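> attaching a predicted model along with its sequence, questions to come.
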Protein chains: 2
Amino acid sequence: MKRLALKFGGTSVGTVEKIKNVANIVKKRHSEGNEIIVVVSAMSGTTDELIKKSNSISKNFDNSELDVLLSSGEQVSSSLLSGAIIDLGLKARSWLGWQIPIITNDNHTSSQITKIKTDEILNFISHGGIAVVAGFQGISSSNRITTLGRGGSDLSAVAIAKFFGADSCEIYTDVEGVLTTDPSINKKAKTIDKISYEEMLEMASLGAKVMQPNAVQAAMTDDIPVNVRSTFSENSGTKIIPESEIDYKKVVTGVAYSKNNAKVSIVGVIDKPGVAADIFEPIGKNNINIDMVIQNTSFDGKKANITFTIKREDLEKTLNLIEKNKQKINYNKVVHDDKLAKVSIIGAGMIANPGVTHKMFRSLADEKINILAISTSEIKISVLIREELTQKAVKILHETFGLN
Amino acid sequence: MKRLALKFGGTSVGTVEKIKNVANIVKKRHSEGNEIIVVVSAMSGTTDELIKKSNSISKNFDNSELDVLLSSGEQVSSSLLSGAIIDLGLKARSWLGWQIPIITNDNHTSSQITKIKTDEILNFISHGGIAVVAGFQGISSSNRITTLGRGGSDLSAVAIAKFFGADSCEIYTDVEGVLTTDPSINKKAKTIDKISYEEMLEMASLGAKVMQPNAVQAAMTDDIPVNVRSTFSENSGTKIIPESEIDYKKVVTGVAYSKNNAKVSIVGVIDKPGVAADIFEPIGKNNINIDMVIQNTSFDGKKANITFTIKREDLEKTLNLIEKNKQKINYNKVVHDDKLAKVSIIGAGMIANPGVTHKMFRSLADEKINILAISTSEIKISVLIREELTQKAVKILHETFGLN
């Protein structure tokens, strides 16, 4: 007998009909002799609608009340799914965060799970019951509802798998698994059978939306085997497992991209210690995420240029912050470009293959795609290019590295 | 300093704009130096929508899961209202049933409140905070969410007023208070300044929808002064108080009616002990509510006719049950009429005025309205008439008893 944590996302429970479909999947997995704990997201659209309401009430809607508001979405879906499973003749029950309880810190709207009590649910599932846990929510030590941040149900599922010692955590979603690239810009995208936590983390961070990066990180930390698969087909999906268990035949596992990048270059900065800190400190303090950073020394050895990338939506605020600190930073001018994309190849196999970088740049050059910046990690190479070339770049890299 | 329980119904919090309006009312009452505990219903339409979803999942949706589902409505409104009050610069916090807790029995979908813990909220309001309590919901001894039945937020408000020793329970709604009759069929309806619990109970039971009969009963039992008033005006509304505190100048306080009544007559029943039980037992067991009952002995002293009234929607089921028990009951025939209404006059003043009955019947006769059945209590006289004469009857009674 295996113990499974099955997580169903918002699109999987988006309508009453889809909830009935999920109930049937749960019934099937239960009839195979598994102990089942289901984790469920809010019906798709619900959370956005609630956020819209809170914004109409106040631009600074209180975070602890926002958590009370948003957690109602998973309360609805968990009770509807439990009712649907009971209607199929099985024993089922919903559990809200406070009922288990799932204990978190009190960092409202982006809390971290610290502990999950297991005795009640263990007793229930060991007697044939199916536990349906409302994802995304927990409870603070002061008895208030907390939430884990957008997409937090993935995190709930991994944490449930961990604390209940599940044999596997299955993330049911509306795609077939983790794909080699985005099928909406490259029809040749294929489902990846196996991917390492590290690769998945890069894929998720770089734009593959199938699983939240935080949840991948949590699964990696606790060695929870994850299976990303479709709610709407019988296919086995993608297994996310330790790198050591993967036999790498390909150097590159996937091609990811993110649009809406902006590049800012500060030209003619005095080249002295602390200047980078002077630039980036106010930006970081305003919760603006800086991605790539490139520093070039200028020819006379006294002035440098500093270039960095951010999300396009943060550009205006960033430029204002730099302008405000002009005296302190002491630069000649600022230039920027906000029509950029980042395209990345990811693959644990590239650690052992030093020729990958060269091969990537050559294939982009052959397509006349200019590289504006580069950043690398052990298992990833990202390049910044003009946004309108994204599709072309993804297609050629997908082909070059044998993913077609 | 007074302590007030303020209850806002679904139409009072039906939109974001209306929630902001309620926040301003709460702020005003707080600034008058009162300690405030707000009780809030779900936004209008929410509960019906959730019930519709559960019905699409299953015709026999599990009651305990239904309570989880439905209680989400008050979770949404209580958090939005708290956020709106905080946005006005005040200290506020939502409390869900389980957080207080409001303890009920485990009679899911129609639970009774047994206890409310007060220390946390008392501490909060004594330090200037405004507590916003989600109505309609509680928690059973087994830690599961319960609800109090439709309109249960009125009951929550009265119970909160009781356990917190509130000086008054104010029911804010979308009308000006308790009216002498339904303004949609008689424009001369007036707001009643003061009404006794007993009269209000009859009014509510007989169709005045301003407050749930159960909640009136609870207020009467514990002597909680209730004030029904409008969310959308400054008028003082209706005070519901003990009969002894009212100086009755009028014999009749209000005229109520209910449409959709049906009458069933069983003709030629053997007149022997137990026959009424044989007729009504199977009907009662099928949860059909019997209202008026009239039994006539026939001329030969051996056969009787039994007539009773029910809701029109129960007619078919009732006729089937009688048919099924024909042998046991032993009757000649059954006749029925399903286009009937019940019109009632209510007034504690009629105890001391024996002429009321005569006056009522005369005024109906003068309008050529035929009375098909009569039932009376100490403070109420109800007559059954043809449904199409309802408005005419209400108008003449309203005039006859000086309510215009």
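Yes, it's here. Numbering: from 1, shown residues only, chains lettered A, B, ... in the order given.

> so A:R93 sits against A:H127, correct?
No. Assessed by Cβ atoms under 8 Å, A:R93 is found out of contact with A:H127, at 11.2 Å. Heads up, the C-betas are built off the backbone N, CA and C, glycines and all.

> those two: which is more packed in?
Between A:R93 and A:H127, counted using other Cβ atoms under 10 Å in any protein chain shown, the more crowded position is A:R93 (24 against 8).

> from A:I37, how far out is that one?
11 Å (Cβ to Cβ, to the nearest Å).

> ok, A:K194 next?
Counting by Cβ to Cβ - A:K194 and A:I37 are separated by 24 Å.

> go on, A:T357?
Taking Cβ to Cβ, one finds A:T357 at 44 Å from A:I37.

> more neighbours, these two?
A:I37 (27 against 15).

> what secondary structure does that one sit in?
The assignment at A:I37 comes out as strand when based on DSSP: H, G, I helix; E, B strand; the rest coil.

> report the contact partners of the closest residue to it other than its chain neighbours.
Residue nearest to A:I37 in three dimensions, not counting chain neighbours: A:A131, with 4.7 Å by Cβ to Cβ, 6 or more residues apart in numbering or on different chains. Contacts for A:A131 (Cβ atoms under 8 Å, 6 or more residues apart in numbering or on different chains) come out as A:36-38, A:92-93, A:95, A:121, A:124-125.

> one more: A:M360?
Contacts of A:M360 by Cβ under 8 Å, 6+ apart are A:345, A:381, A:383, A:397, A:400.

> the last one and A:S363 touch, don't they?
Yes. The pair A:T400 / A:S363 is scored as a contact, 4.3 Å apart, by Cβ under 8 Å.

> now for the contacts of A:M360, which pair is the farthest apart?
Taking Cβ to Cβ, the two most distant members of the contacts of A:M360 are A:V383 and A:T400; they sit 13.1 Å apart.

> looking at these two, which has the bigger crowd around it?
Neighbours per residue (other Cβ under 10 Å) separate A:V383 from A:T400, with A:V383 holding more: 25 against 20.

> quick check, A:G128 in a strand?
No. Using three-state DSSP, the assignment for A:G128 is coil, not a strand.

> mind listing what it touches?
A:K91.

> and it, how far from B:I25?
Counting by Cβ to Cβ, the gap from A:G128 to B:I25 is 51 Å.

> and what of A:T15?
A:T15 is 38 Å from B:I25, by Cβ to Cβ.

> quick one, which of these two is more surrounded?
Counted by other Cβ under 10 Å, A:T15 and B:I25 do not tie: B:I25 has more neighbours, with 18 against 13.

> ramachandran angles for the more buried one?
Note on B:I25: its backbone torsions stand at phi -60, psi -40 [degrees, to the nearest 10].

> where does the stretch 301-404 of chain A get nearest to chain B, which residue?
Here the stretch 301-404 of chain A gets closest to chain B at one residue, A:K317, 24.0 Å apart by Cβ to the nearest Cβ.

> return the residues of chain A in contact with chain B.
Chain A comes close to chain B at residues A:16, A:19-20, A:50, A:53-54, A:56-58, A:60-62, A:64-66, A:68-69, A:71-72, A:75-76, A:78-80, A:82-84, A:86-87, A:93-94, A:96, A:98-99, A:143-145, as judged by Cβ under 8 Å from any Cβ of the partner chain.

> of these, just the buried ones, ChimeraX syntax please.
Selection of buried members from these for ChimeraX, criterion 16 or more other Cβ atoms under 10 Å in any protein chain shown:
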select /A:16,19,20,50,53,54,56,57,58,61,62,64,65,66,68,69,71,72,75,76,78,79,80,82,83,84,86,87,93,94,96,98,99,144,145
